[in-house]
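Engineer: Output the structure for:
(chains A and B, ligands or ions: 3)
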Amino acid sequence: MHELSIANSILEAVRAEAARRPGVRVAKVGVRVGELSGVEPDALSFSFEALVRGSDLEPLALEVETCPRRQRCCECGCLFRVVDFNLVCPDCGSTESRCVSGDELEMVYLEIEEPQAAPAPGTGLRGAA
Amino acid sequence: MERVPLEKKVLSENDRLAAGLRSRFREHGILCLNFISSPGAGKTTLLEQTLARLPRGDRVAVLTGDVQTDNDARRLARFGFPVKQITTGGACHLDARMVERALSDWRLEGFDLLFIENVGNLVCPASYDLGEAAKIVVLSVTEGDDKPLKYPAIFFRAELLILSKIDLLPHVPFSMAAARENARRVHPEIEILEVSATAATGMDAWVGWLDARRRQVQPAAEAPVASRARSVP
Ligand SMILES: Nc1nc2c(ncn2[C@@H]2O[C@H](COP(=O)(O)OP(=O)(O)O)[C@@H](O)[C@H]2O)c(=O)[nH]1
Ligand SMILES: [Mg+2]
Ligand SMILES: [Zn+2]
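Structural biologist: Ligands and ions are numbered 1, 2, ... in the order given. Next comes the predicted model:
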């Protein structure tokens, strides 16, 4: 069950990002999990919720986007999604292809709430990043 | 509510430490191999039989991870090479920080081969880069030939699959052909060896693989910067 340590790494990264944006609250973090990453999305969500409960980050939400394996055909160059471990190119039938995605374990976005007291437009949060 | 894009690996801190280890290994001309399997697949036995075949004075060291005990380290230490146990105290995998800490009082100049026996677990260790040149997955014939499809992550990332305990093939319903095919469906380029550590079958081919891999590692002075260890795409 390394999902617990993975969830912990996500929380640490969220804390680090939050520290760079004083006053804002992080409401949600988006994570991309490839089907070859070895990380089980359900176990990750479960661990994440358990760690957030009662912590300084509550009520932080997690959105997990699962990412299928995709291969680039070495013959015809087309990009195809691998279903049921079938590595044969659907366009030309070649068995030579290279994996281009499916093993990712990345944070993709943060959803942040700006401080209530400072509703100034264009607060430059992006600029601060 | 504002959405701020963030392109960041979840394990970027581990990856950073692992990159540091990898460059130290390269600097010292060390081949580091990370052995991963389910508990009991035969990692320690394979390493014992491997150490037994290496000449005394060979510049080899072993780190072995375990949740609780130091049994494996004691088994491996009998061969006279430096061995250190990493007890994870519950964690189901080694991470780069544990390896860095374990190596802190060893002089890396003294070695050119480092075996790391990971914690027995076919899933979790796959996610953690330890700075190794290659991951080696060990699958015993008693575990079933469908394992590569059930746990694709480690088979996808491993450079070499060692099918172990082949002396037991007559007693278990395990198809060598199916295991090979399943591994190649996940990872077409994976290399595969069949070994029985207890019956000493296939050991020559394994030691040959190891020797060939060791010869590829150049000492730092001659190593061009581009000779990076294979990394997962
Ligand atoms: N029959 C047979 N048993 C083996 C072989 N290799 C290991 N074993 C046995 O499998 C058990 C677990 O081996 P061990 O090396 O401790 O596995 P590890 O947990 O992966 O380190 C021990 O009882 C070994 O004696 C083998 O090649 N053939
Ligand atoms: Mg062992
Ligand atoms: Zn094609």
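
Engineer: Report pLDDT for A:Ala118.
Structural biologist: Residue-level confidence at A:Ala118 comes out at 51, pLDDT.

Engineer: swap that for B:Arg97, please
Structural biologist: On the pLDDT scale, B:Arg97 is placed at 96.

Engineer: And B:Gly89, by the same measure?
Structural biologist: pLDDT, B:Gly89: 84.

Engineer: nearest spatial neighbour of it, skipping sequence neighbours?
Structural biologist: B:Val67 (7.4 Å; Cβ to Cβ, 6 or more residues apart in numbering or on different chains). For the C-beta atoms, the positions are set from N, CA and C on the backbone; glycine is no exception.

Engineer: Against which helices or strands is the helix of greatest length in chain B packed?
Structural biologist: Criterion DSSP state H: the longest helix present in chain B is helix B:12-27. With contacts defined as 3 or more Cβ pairs under 8 Å, 6 or more residues apart in numbering or on different chains; DSSP states H and E, the packing partners of helix B:12-27 are helix A:3-19, strand B:31-37, helix B:96-103.

Engineer: Of the ones you listed, which is nearest B:Asp58?
Structural biologist: Evaluated over the helices and strands packed on helix B:12-27, closeness to B:Asp58 peaks at strand B:31-37, with 12.1 Å, by Cβ to Cβ.

Engineer: which sections of the chain are below the confidence cut-off?
Structural biologist: Looking at chain A here, since you left the chain open. Applying pLDDT under 70 to chain A flags the ranges A:1, A:116-129.

Engineer: that's the wrong chain, I meant chain B
Structural biologist: B:219-233.

Engineer: how far does the strand or helix carrying B:Leu47 sit from the chain's center?
Structural biologist: B:Leu47 belongs to helix B:43-53 when assigned by DSSP states H and E. The chain centre lies 13 Å from the centre of helix B:43-53; the measure is Cα atoms, centre = their mean, to the nearest Å.

Engineer: If you compare the directions of the helix or strand just after it and helix B:96-103, what angle comes out?
Structural biologist: Sequence order places strand B:60-66 as the next helix or strand after helix B:43-53, per DSSP H and E. Here strand B:60-66 runs at an angle of 130 degrees relative to helix B:96-103 (axes from the mean of the first three to the mean of the last three Cα atoms, to 10 degrees).

Engineer: List of residues touching the following helix or strand past strand B:60-66?
Structural biologist: Later in the chain than strand B:60-66, the nearest helix or strand by DSSP H and E is helix B:71-77. Residues from elsewhere that reach helix B:71-77 (Cβ atoms under 8 Å, 6 or more residues apart in numbering or on different chains): B:44, B:47-48, B:51, B:62, B:64, B:66, B:83-85, B:117.

Engineer: which of the residues in helix B:71-77 are buried?
Structural biologist: Across helix B:71-77, burial judged by 16 or more other Cβ atoms under 10 Å in any protein chain shown covers B:72-73, B:75-77.

Engineer: Dihedrals phi and psi, the residue in chain A positioned nearest to chain B?
Structural biologist: Per Cβ to the nearest Cβ, A:Gly38 is where chain A lies closest to chain B, at 3.0 Å. Dihedral angles of A:Gly38 (phi, psi; degrees, to the nearest 10) stand at phi 80, psi 10.

Engineer: and the gap between the closest residue in space to it that isn't next to it in sequence and B:Val141?
Structural biologist: Once flanking residues are discounted, A:Gly38 sits nearest to B:Ala153: 3.0 Å by Cβ to Cβ, 6+ apart. B:Ala153 sits 21 Å away from B:Val141 when distances are taken as Cβ to Cβ, to the nearest Å.

Engineer: With neighbour numbers in mind, choose between these two.
Structural biologist: Between B:Ala153 and B:Val141, counted using other Cβ atoms under 10 Å in any protein chain shown, B:Val141 has the larger neighbour count: 25 against 22.

Engineer: what's the burial count for the closest residue to A:Val83 other than its chain neighbours?
Structural biologist: Using Cβ to Cβ, 6+ apart and skipping residues adjacent in sequence, the residue nearest A:Val83 is A:Pro68, 8.0 Å away. If you count neighbours by other Cβ under 10 Å, A:Pro68 ends up with 12.

Engineer: Correct me if wrong: B:Thr87 contacts B:Leu94.
Structural biologist: No. B:Thr87 is not in contact with B:Leu94 according to Cβ atoms under 8 Å; the separation is 10.6 Å.

Engineer: my read: the residue of chain A closest to chain B touches B:Phe155, true?
Structural biologist: No. Counting by Cβ under 8 Å, A:Gly38 sits too far from B:Phe155 to count as a contact (10.3 Å).

Engineer: At the contact with chain B, which residues of chain A appear?
Structural biologist: Applying Cβ under 8 Å from any Cβ of the partner chain, we find that chain A lies next to chain B at A:1-2, A:5-6, A:9-10, A:12-13, A:17, A:27, A:31, A:35-39, A:85-87, A:95, A:98-100, A:103, A:105-114, A:125-126, A:129.
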